[in-house]
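K.L.:
predicted coordinates and the sequence they were generated for:
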Amino acid sequence: MASPALVFDMDGVLVEVSESYRETVVRTVERLTGQRIARERIQEYKNQGGWNNDWALSQKIARDLGVEVPYEEVVTEFNKIFLGTNGDGLILREVWIPNFGLLERLGRNYRLAIFTGRTRYEVDITLQRFARELQFDPIVCAGDLVNDKPAPDGLWRIAELTPGSDLVYVGDTVDDARSATAAGVPFVGIVAPSASYRDELIALMRTERAIAILDDINQLEAALSAVK
């Protein structure tokens, strides 16, 4: 019998990104519009759903501030900040969240997989920095699918690639939860105690029938044992 598969979103689940992705959105919008937004505003959009793509989100925020910017220009400016030009981008501010040994222990009973809105290049940078010895397979990224979250396509793809495995998806946004609901996959939500609009996000995840909602991934072992 195939091992069950734990499927992880990356941002906010495996990696703390408030000083990388979230700050990049703030700086991109500021470059494009001359206006600096609070990070809390980003979470407002995320909780609406449909804004998993931070390039599209940056364009939307700029538009709502009265500045229309071509998508390609948004992507270029975003990547200058996030990836940098000489290995000096904000991606280097990321912090790995799982405690030492957590994923190795989970890997004894589960197949570990990733379904993320990151590009493959961005995934590789972060996994090489923090998790070089870990095996995540399969990994489904932006560009691998026609329909991104909250569509279920990424989880369906992972199910196809792991025949016989029951999936559990671990994510931190309403789009993650809705993707799991649409795919018929149990969902574990991650909502940090410091998260903006935390109560609202928890309520949204409960509406999507999350089987557990945790402060961070390091509570996952106990949560999975409790729901077996």
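P.N.:
Now that the structure is in, tell me what you want to look at.
K.L.:
ok now stretch 150-158, how far from the chain's centre?
P.N.:
Counting by CA atoms, centre = their mean, to the nearest Å, stretch 150-158 is centred 14 Å from the centre of its parent chain.
K.L.:
then stretch 42-60?
P.N.:
In terms of CA atoms, centre = their mean, the centre of stretch 42-60 is found 12 Å from the chain centre.
K.L.:
buried ones in stretch 4-23?
P.N.:
Applying a neighbour-count criterion of 16 or more other CB atoms under 10 Å, one finds 4-18, 20-23 buried in stretch 4-23. Yep, even glycine has a C-beta here, placed from its N, CA and C like the rest.
K.L.:
and for stretch 220-228?
P.N.:
Here stretch 220-228 shows 220, 223, 224 as buried, counting by 16+ other CB under 10 Å.
K.L.:
swap in stretch 205-216?
P.N.:
Judged by neighbour count using 16+ other CB under 10 Å, the buried positions of stretch 205-216 are 205, 208, 210, 212, 213, 214, 216.
K.L.:
which residues does the helix or strand residue 28 falls within contact?
P.N.:
Taking DSSP states H and E as the definition, residue 28 sits inside helix 21-33. Here helix 21-33 makes contact (CB atoms under 8 Å, 6 or more residues apart in numbering) with 11, 35-37, 39, 42, 54, 57-58, 61-62, 65-67, 69, 73-74, 77-78, 81-82, 90, 93.
K.L.:
which of those fall in helices?
P.N.:
Among the contacts of helix 21-33, the residues falling in helices (DSSP state H) are 39, 42, 54, 57-58, 61-62, 73-74, 77-78, 81-82.
K.L.:
can you pick the most crowded of those?
P.N.:
With neighbours taken as other CB atoms under 10 Å, the top of the ones in helices among the contacts of helix 21-33 is residue 58, carrying 27 neighbours.
K.L.:
state the distance from the residue lying closest to it once chain neighbours are set aside to residue 22.
P.N.:
Take residue 58 and drop its neighbours on the chain: the residue closest to it by CB to CB, 6 or more residues apart in numbering is residue 28, 4.5 Å away. To residue 22, residue 28 is 11 Å away according to CB to CB, to the nearest Å.
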